[in-house]
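Asks: missing the sequence, but the structure's below:
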């Protein structure tokens with residue numbers, strides 16, 4: 001009887017160690033969720049965009065919300081959500097735009113959009129490669145080792 005009880009105790013301890021080890025490995029190897037908002041100003045030629053970009057990324061899927069004013073042929077509002085999948089490659093992430101949803105407030109002229117916003121924010125199927133590192137309590141986004149966005153963390 002004592003041998004049977006000892007075996008049960010050892011089995012429970014073993015299963016507990018396996019579950020705990022699996023949870024620790026998953027939490028260590030899975031990517032850290034990113035939820036942040038940053039201010040942007042893009043000037044390309046005579047066109048300029050001033051606004052905010054919010055990022056949400058976790059489990060190889062994400063969304064970014066871009067809203068602000070576009071100064072082109074006319075001043076117009078931009079308000080759209082870009083849905084994407086991403087993959088990790090060494091210390092960078094490659095984002096693949098799968099869908100763009102414009103809100104009713106997005107009244108920007110397509111010619112101005114095409115001349116001002118990067119392709120990832122305006123055309124489904126485009127890719128964007130970013131290095132994303134935690135820096136002083138925020139996220140630092142960089143493309144080609146050039147910092148492009150300091151993104152303040154949002155609390156969940």
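Replies: Sure thing, it's come through. Being a predicted model, the structure only gives us computed values, none of them experimental. Residues are numbered from 1 along each chain as shown.
Asks: partner strands of the helix or strand residue 63 falls within, parallel or antiparallel?
Replies: Assigned by DSSP states H and E, residue 63 belongs to strand 61-71. Within its sheet, strand 61-71 is paired with strand 47-58 (antiparallel), strand 75-89 (antiparallel), according to DSSP bridges.
Asks: could I get the full set of strands for the chain?
Replies: For the chain, the strands defined by DSSP state E occupy 34-44, 47-58, 61-71, 75-89, 92-102, 127-135, 138-143, 146-153.
Asks: save the strands paired with strand 61-71 as TSV, and put in distance to residue 32 too.
Replies: No exception for glycine: its C-beta is placed from N, CA and C like everyone else's. Below are those laid out as TSV (distance: least, C-beta to C-beta, whole Å):
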stretch	distance to residue 32
strand 47-58	8
strand 75-89	11
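Asks: got a markdown table for those strands, with mean pLDDT, mean neighbour count and distance to residue 10 too?
Replies: Shown next, in a markdown table, are the strands paired with strand 61-71 (pLDDT from 0 to 100; neighbours: other C-beta atoms under 10 Å; distance: least, C-beta to C-beta, whole Å):
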| stretch | mean pLDDT | mean neighbour count | distance to residue 10 |
| --- | --- | --- | --- |
| strand 47-58 | 93 | 18 | 37 |
| strand 75-89 | 93 | 16 | 38 |
